[in-house]
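>>> sequence? don't have it. structure:
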């Protein structure tokens, strides 16, 4: 019998310091083969909803991010490894707003969930786009004038 005790439960452990149940390699394998089950655990724990409710929300949104419209499981839109749409919620009230890709969810979070800051950011982008377009138009007009000479 092993003298080493599991770091998680104090049962006899193997060389890695864990029993068979708490082995990190075994846990990674279990998560990889049961993604929906583990997703369901985290949804219930973090947001109080079931995997079924998550899937209903996903269906209502046609499987897309509520902001940018990217599809669920689109590898390009999620950089957190899950490739699933995130549950967006109000951090003050806990009320769920919808499902977002990681990039949209991070964008809202980075701007502190403030609609005023989001509007200012949109106005900022619009004003610079207008300026850029005006510079292009002015350059084209000058080239036309030079071509006439």
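In hand now; what should we look at? No experiment lies behind these values; they were computed from the predicted model shown.
>>> show me how the record splits the protein into domains.
Domain ranges of the chain: 1-33, 34-112, 114-149, per automatic domain parsing.
>>> let me know the average pLDDT across the first one.
The predicted model gives domain 1-33 an average pLDDT of 83.
>>> can you give me the helices for this structure?
In the chain, the helices defined using DSSP state H lie at 24-33, 35-47, 51-60, 102-110, 115-148.
>>> just to revisit the earlier point, just the domains of the chain: most buried one?
Highest mean neighbour count of the domains of the chain: domain 34-112, a mean of 15 (counted as mean count of other CB atoms under 10 Å). Where you see a C-beta, it was placed from the backbone N, CA and C, and this is true even at glycine.
>>> now that one, how far from the chain's geometric center?
7 Å (CA atoms, centre = their mean, to the nearest Å).
>>> which of the domains of the chain has the lowest average pLDDT?
Among the domains of the chain, domain 1-33 scores lowest, at a mean of 83.
>>> could you check how far the residue positioned nearest the centre of the chain is from residue 119?
Centroid-nearest residue in the chain, with CA atoms, centre = their mean: residue 102, separated by 1.9 Å. Between residue 102 and residue 119 the distance is 22 Å, computed by CB to CB, to the nearest Å.
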